[in-house]
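**Q** sharing a model prediction with you, sequence too.
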Amino acid sequence: MRLEGKHRDYWRRNLKMTALLLAVWFAVSFVVSFFARNLAEITVMGFPLGFYMGAQGAPLIYLVIIWWYARYMNRLDRRYGVREGEGDDD
Amino acid sequence: MADYTTVPLRRYYAFYTAGFFIFILILAFLERHGLPPRWIGYSFLFLTIFLYATIGVLARTASVSEYYVAGRRVPAIFNGMATGADWMSAASFMGLAGTLYLSGYQGLAYVMGWTGGYVLVALLLAPYLRRFGQYTIPDFLAARYGGNPARLVGVFATVLASFVYVVAQIYGVGLITSRFVGLQFEIGVYVGLAGILVCSFLGGMRAVTWTQVAQYAILIVAYLVPVSILSYQVTGIPVPQLTYGHVLQKVQGLEEKIFDEPAEIEARRIFRERADGYHERIVSLPESLDEERLRLSDQIAELKSSNAQMREVVALERERRELPKSSEAARVYWDKLMREAAQRGADPEHHLTPYPSGGEEVSDTARLNFLSLVFCLMVGTAALPHVLMRYYTTPSVREARTSVFWSLLFILALYLTAPAYAAFAKYEIYSTLIGSSIAQLPVWVSAWGKIGLVSIEDVNGDGLLQLVELALNPDVILLATPEIAGLPYVISGLVAAGALAAALSTADGLLLTIASALSHDVYYKIYRPDATTQWRLVVSKTLLLVVAVLAATVASQKPATILSMVAWAFSLAGAAFFPALILGVFWKRANAAGAVSGMVIGLLVTLYYMVRVQVDAIPWLGIQGIGMEPWWGIQSTSAGVWGVAVGFLTIIVVSLCYQPPSKATQDFVESVRYPELEGS
């Protein structure tokens, strides 16, 4: 199977975006929760920030991450001329 | 059926949801005119099951691709909805609000874990699995890691994680039907079984998908309505997700007042004394068991001779009957009671405060457990086969990516609301119930008390309800909210229908996953690769039936141990699948030896840790004293932390010790990574 530079480039961009978004995911999930106690002083909509992040902030950021990734990759597919595999199985 | 197009589908489901609302209004009208609650319960139960059955029959199919992956024609948004229903189980629907009520900030681990896992699904798994485009997760493992050993380990882990889970769902159906319709628990289990089978038996994944979409609509309406009304009553704004922050501030104020009241402190002291009493008895076993029996007998005799209330005598006799027979059993029994009493006697924690405040060390261990639980739930979410399988059903890789977005959006509708339930329930209970006279509590307290979900014990004998004297089962928070808000019974019926939809939809997906693993992977791929299409479907449907009946039989025994094992499914699935799947896509060098040993060892480490931390003795195997101290204080539900780490490590080390995978396998990895390479 031939591997063109184009493919490597596509994959590298994908990996870069994946790593970036996973870093955000890690920060909101684990780093923020680790310091939840210290964030109690700040309030958002009546919540202490640590609690808010766990209850709403982090889940909403997850949603944005997934939305962003789908958008980015779907555009990348188009830019690199990906032929979609519709109906090529079965 | 021709290609599914989104527009008519949207219209069907819009009509369907509107029809459901009209049905609720009619029932509400009839209730006003004297329709008894029992009939409302029946109407919801049978109408919804009839609805699902109709969809199930309409979507029947004899095509393998339709049966296993719904013909890969499910539009992203509907696949998202189906995934939402598939994902949210009876435990999410009924238990999560209560867990958040009981443990405050600590409970948010579930909210974060069960939503954050979808980031891993979206970024690391769904597009690649869709690109691969077969039928099951073991299929992927077999294709990537060259053959049947990897497939078999995958099947074993699939069945292990899914079966425990499906038993819990069917158990949940039994509970719901027995609570709301008054059916006997065992009968309720088989009614639920019928409800599950009508969806999945004839139409496989295709039927399950379209019933799950219908079930999602019912479950989300049922979840949002009661708490929105409650929010409107308390704050004037019917959007509980936005208003509960301020309610929590009021709760904080109430907590500060209630926690320090002398009566509360006194009641807590009594519980601590009780715990000490149990401790003394445990220390002086085996004599203390005889003493205890003697003491109870004396007391009963005394009461009987003094013409006391029959009720008290009966209670004491029951206590005597429940005393364990052997000294070993007594140790376990009293140890449990001691822990319960000690927990209730401990200083209460504020709802909003992260990690308990009992000193640096306690707080750090709690934080470590919180983080590792979040990790296990996330990794487990991204590894449970019944969720991953859903991403085989979209028409394209592009739709698979978008579909994860829709999945999480629909799931968030419930998970962002659960903390609001906890907040409003806490506010109502703290502001109206606590401190009031036990003789004049609202009706819902005694109604749910009758079936053991609420218990009240006036330990200090002042006739008033102290916070520590009230013990709640987590499920009651959701179930009682309509009554707390003073809503008509039809809303309670709606909640029951929603809980039923949550349990049935998850059970459908799980059963299909188990049946597919056994019929497709074991029977077709390993045992009889020359089987005809028709025969494969016959085998698959037969296995579905067998597994379903087996699960219902287990559930009807009310197995306490199985229920506590459900939380383990996440760690088990995570340890077995996550490292092998991720490295399978992202590390070409991973080979069969590495993957198989990594999956097996990861699974074994997880099981070993769970069993040794959780269980001290397995009487029917004659094993005793196997309990151990947890490593770094991490609880058994988070055992996946070790399993996943060991799994990754084993795959990497063993892979490096053996030959790199063949050219064909490396090409396979390429084809999964770059969509356009296929066939080029």
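**A** Sure thing, it's come through. Keep in mind the model is a prediction, meaning the values are calculated, not measured.
**Q** can we go C-alpha only for contacts and neighbour counts from here?
**A** Will do.
**Q** which stretches of chain A have low pLDDT?
**A** Judged by pLDDT under 70, chain A has its weakly predicted residues at A:1-3, A:81-90.
**Q** what's the helix or strand for B:E328?
**A** Secondary structure from DSSP states H and E places B:E328 in helix B:327-345.
**Q** so after that helix, what's the next helix or strand?
**A** As assigned by DSSP H and E, the chain's next helix or strand after helix B:327-345 is helix B:360-381.
**Q** the helix or strand sitting right after that next one along the chain close to chain A?
**A** Where DSSP H and E defines the elements, the next helix or strand beyond helix B:360-381 is helix B:385-388. No. Helix B:385-388 does not reach chain A (C-alpha under 8 Å from any C-alpha of the partner chain); its nearest approach is 15.6 Å.
**Q** show me how far helix B:385-388 is from its chain's centre.
**A** Distance, stretch centre to chain centre, for helix B:385-388: 15 Å (C-alpha atoms, centre = their mean, to the nearest Å).
**Q** for stretch B:579-596, same thing?
**A** Worked out by C-alpha atoms, centre = their mean, stretch B:579-596 lies 30 Å from the chain centre.
**Q** now do the end-to-end distance for that stretch.
**A** 11 Å (C-alpha to C-alpha, to the nearest Å).
**Q** dead centre of chain B: give me the residue that sits there.
**A** B:A91 (3.4 Å; C-alpha atoms, centre = their mean).
**Q** what's the spacing between B:A150 and B:P37?
**A** 53 Å.
**Q** whatever residue of the stretch 301-450 of chain B ends up closest to chain A and A:W68: what is the separation?
**A** As assessed by C-alpha to the nearest C-alpha, chain A sits closest to B:R401 within the stretch 301-450 of chain B, at 5.2 Å. According to C-alpha to C-alpha, B:R401 and A:W68 sit 10 Å apart.
**Q** again, but for B:G452
**A** 47 Å.
**Q** of those two, who's got more company?
**A** A:W68 (16 against 13; other C-alpha atoms under 10 Å in any protein chain shown).
**Q** does chain A have contacts with stretch B:350-369?
**A** Yes. Applying C-alpha under 8 Å from any C-alpha, one finds stretch B:350-369 touching chain A at B:L352, B:T353, B:P354, B:Y355, B:R367.
**Q** narrow the residues you listed to just the buried residues.
**A** B:L352, B:T353, B:P354, B:Y355, B:R367 (16 or more other C-alpha atoms under 10 Å in any protein chain shown).
**Q** out of those, what pair is the most spread apart?
**A** B:L352 and B:R367 (14.5 Å; C-alpha to C-alpha).
**Q** who touches B:Q233 in this structure?
**A** For B:Q233, the contact set (C-alpha atoms under 8 Å, 6 or more residues apart in numbering or on different chains) comprises B:A485.
**Q** now it: which helix or strand?
**A** Here B:Q233 is assigned to helix B:204-235, by DSSP H and E.
**Q** and that helix, what's buried?
**A** Buried residues in helix B:204-235, counting neighbours by 16+ other C-alpha under 10 Å, are found at B:204-231, B:234.
**Q** does any part of the following helix or strand past that helix sit near chain A?
**A** Once the chain leaves helix B:204-235, the next helix or strand it forms, by DSSP H and E, is helix B:240-259. Yes. Helix B:240-259 is in contact with chain A by C-alpha under 8 Å from any C-alpha, via B:L242, B:G245, B:H246, B:L248, B:Q249.
**Q** so what's B:A70 closest to, chain neighbours aside?
**A** B:R206 (4.0 Å; C-alpha to C-alpha, 6 or more residues apart in numbering or on different chains).
**Q** so where do the helices sit in chain A?
**A** A:5-26, A:32-34, A:49-52, A:58-79 (DSSP state H).
**Q** contacts (any at all) between chain B and the third one?
**A** Yes. Remark: helix A:49-52 sits within contact range of chain B at A:G50, A:F51, by C-alpha under 8 Å from any C-alpha.
**Q** same question, the first one
**A** Yes. With C-alpha under 8 Å from any C-alpha as the threshold, helix A:5-26 lies in contact with chain B, specifically through A:H7, A:Y10, A:W11, A:T18, A:L22, A:W25.
**Q** correct me, but the second one touches A:R79?
**A** No. Applying C-alpha atoms under 8 Å as the test, A:Y10 and A:R79 come out as separate, 9.5 Å apart.
**Q** those two: which is more packed in?
**A** A:Y10 (18 against 10).
**Q** residue contacts, that one?
**A** With contact taken as C-alpha under 8 Å, 6+ apart, A:Y10 is in contact with A:L76, A:Y80, B:Y674.
**Q** which one of these sits in the busiest neighbourhood?
**A** Neighbour max across those (other C-alpha under 10 Å) = B:Y674, 19 neighbours.
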